[in-house]
Each structure stands twice: as structure tokens, then as C-alpha cells.
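> Dropping the sequence and predicted coords here.
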There are 2 protein chains.
Amino acid sequence: MKKKKNNTPTDSELEILHVLWENGPSTVRFVNDHLNKKKEVGYTTTLKFMQIMTDKLLVRRNTESRTHIYEALVSESDTQSKLLTGFLESTFGGSAMKLVMQALGSHKASKQELDELKELINNIEKNQK
Amino acid sequence: MKKKKNNTPTDSELEILHVLWENGPSTVRFVNDHLNKKKEVGYTTTLKFMQIMTDKLLVRRNTESRTHIYEALVSESDTQSKLLTGFLESTFGGSAMKLVMQALGSHKASKQELDELKELINNIEKNQK
DNA sequence: TTGGAATTACGAAAGAATTCGTAGATATTC
DNA sequence: GAATATCTACGAATTCTTTCGTAATTCCAA
């Protein structure tokens, strides 16, 4: 029986993943500096998280040089998709439409974004036929 | 200085709120029975949460009879909106459109739902002009 | 080469969320 | 009215997450 891997990151882990997704493989120092633009975080705190994430297989690291290089092992869209599914379930009873309506209703979208959205809807409808 | 009320429920609290939103004012027994349809939860566990939620002003209770009646003090849509904003920020970097695209892409929507959605988009565009 | 700076490993404290046991009070049943 | 069931209050254990201090090692600069 294969062990079910629990790949979903916690909030703090997610912040680190964002840095890795955006900047590619990075050192703890680099990630920590980035995080500190938003809020103060100790270096060893960031280090600890990245070690935990290595255990969880959210990232892997190259340890050839003394300063390790960390790389995301999970993709941004996969992770977003998983988190979205969980959020959808817990908050909107699993109804994606309710969530979409709520999101569109309370968060501004530009003309261009709305056009893209309509385009997407058209494609979905086309494939449904 | 007024104290900032942190009204956002935790996951367990949210499950209880769903029961209250759906069924109206309820006893601990009723809520606990409902929760147990999905997963095993001890009675005093549910009770404890509802007491905590009373402190947090997420619910209020009528204590006239020995068996207290609990009632949601926060609305479903307000709560969803708050949780959505947080989730949007942490997972999608604040981009509602990315979330909407992801949600529509990976979760099925019916013809009717898509029509409603287009209707909503039209209204938004109309108001933007 | 020696002392300071940077890095990793590790443990553990602190905080937050969840879960439940027990005690005491009140209601119900036989 | 005695035994049983139900309910609230409360504290505390447990688990998960976050945060950091310290030690050991390696690198670098004067």
C-alpha cells in the first residue's frame, strides 16, 4: 500500500513556494530576503520551513555546495488547483459557480479580463455541445 | 481604540456555521448529529466550538431553557467573502481572475450556470461604461 | 592563521486549532 | 425518589504550525 502523500502546503510554506515559482531555484538567503520585503521573518525560520518542505517533497535541494539550492517540486497550478478544491469544499459547499460569482461580484475585473473570461466560457460551451 | 474583531471562522467553526445557516437556530445536539453524518465528532467537541464561537461573536445563544439554542451572527455571504479575500491573497496573489479561470477550468459548470455567469458579466460591463 | 560571517542541523518553545474527559447541574424515566 | 440520561462548563491533552536559539561547520578577509 503506497503512502498517500500530503502535498498541500501550509500558508507559510506557500509563501516560500511563491518565491521559488517566481524566481526559480534559490538559496535560503534569497528566499528569506524576499519574504522580508513583506514581513519580518528570521533566517532560521525560513531555513526550517524549507527543510520541512524538503521532507514533504514540496521542494528538493542541491547540496553540492555548502549553500544549498532549493527548487520547487510541485507546480504552481497544481498546487492552486488542490488548494482551490479544498477551499471550494469547505467554504462554498463545493459549488464552483457560487465561488466564481462571489469573486466576480466583489473583486474588480478589467474590460480585458472580462473579455478573456467570456472567451473561456465560449470555449467551455463549445466543448459541451 | 476599538478592538478589531476577528470574525473569520476556522475550518471546524465553518462547518458548524454551515449547519446553522442551512437549518436556522439549533441546539448543540442537532448540530453535532449533523456533523456526524460526515465524520465522527464528539458531542463535547462540538459544544466547545460553539462556546468558542459565542466568545468570538460568530454566534449567539438563547440560554432561557437548559438546552441552549445557537444562532449564527455572521451571514454566509459575508463570511464567504472574507474567506475568499484571504484565500485569493495567499493562493492566487490577489488575482481574482486567475482564481476564476482556474475554478471554471477544473470544475464542471452546467449550461444554465454558464448562462447566469454571462448574465453577471454583462451586468458588470454595463455598469463599467 | 585567526577571527568574524554565513550556513546547516536540530531541538524545543510558543501559538493556534482540535479533541475530549470529567464534574456538576438539571431533566426524565421507571 | 432513585437511577439514568442529557446538558453545560471547564480544563487540559493533543496535534499542527510557526518561530527561533544554539551548536557545529565552513568560508572568507585582514
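Yes, it's here.

> ok, which stretches of chain A are helices?
Ranges of helices in chain A, per DSSP state H, are A:11-23, A:28-38, A:43-55, A:76-92, A:96-106, A:111-128.

> What mean pLDDT does the longest one get?
The predicted model assigns helix A:111-128 a mean pLDDT of 91.

> near chain B at all, that helix?
Yes - using C-beta under 8 Å from any C-beta of the partner chain, helix A:111-128 reaches chain B at A:111, A:113-114, A:116-118, A:120-121, A:124-125, A:128. C-beta coordinates here come from the backbone N, C-alpha and C atoms, glycine included.

> Check chain A for the residue nearest DNA strand C and tell me.
A:His68 (3.5 Å; C-beta to the nearest atom of the strand).

> domain parsing for chain A?
Using automatic domain parsing, the domains assigned to chain A come out as A:11-72, A:76-128.

> between those domains, which gets nearest to DNA strand D?
Among the domains of chain A, domain A:11-72 comes nearest to DNA strand D, with 3.2 Å by C-beta to the nearest atom of the strand.

> And the helices of chain A: which comes nearest B:Phe87?
B:Phe87 lies closest to helix A:76-92 among these, at 5.1 Å (C-beta to C-beta).

> What is that closest one packed up against?
Judged by 3 or more C-beta pairs under 8 Å, 6 or more residues apart in numbering or on different chains; DSSP states H and E, helix A:76-92 is in contact with helix A:11-23, helix A:96-106, helix B:11-23, helix B:76-92, helix B:96-106.

> counting contacts, what elements does the second one pack onto?
In other words, helix A:96-106. helix A:76-92, helix B:76-92, helix B:96-106, helix B:111-128.

> right, so the ones you listed: which one is the most enclosed?
Highest mean neighbour count of these: helix B:96-106, a mean of 20 (counted as mean count of other C-beta atoms under 10 Å in any protein chain shown).

> For that helix, which outside residues touch it?
A:77, A:80-81, A:84-85, A:88, A:96, A:99-100, A:103-104, A:107-109, A:113, A:116-117, A:120-121, A:124, B:87-88, B:91-92 (C-beta atoms under 8 Å, 6 or more residues apart in numbering or on different chains).

> could you redo the last one with a cut-off of 7 Å?
A:80-81, A:84, A:96, A:99-100, A:103-104, A:107, A:109, A:113, A:117, A:120, A:124, B:88, B:92 (C-beta atoms under 7 Å, 6 or more residues apart in numbering or on different chains).
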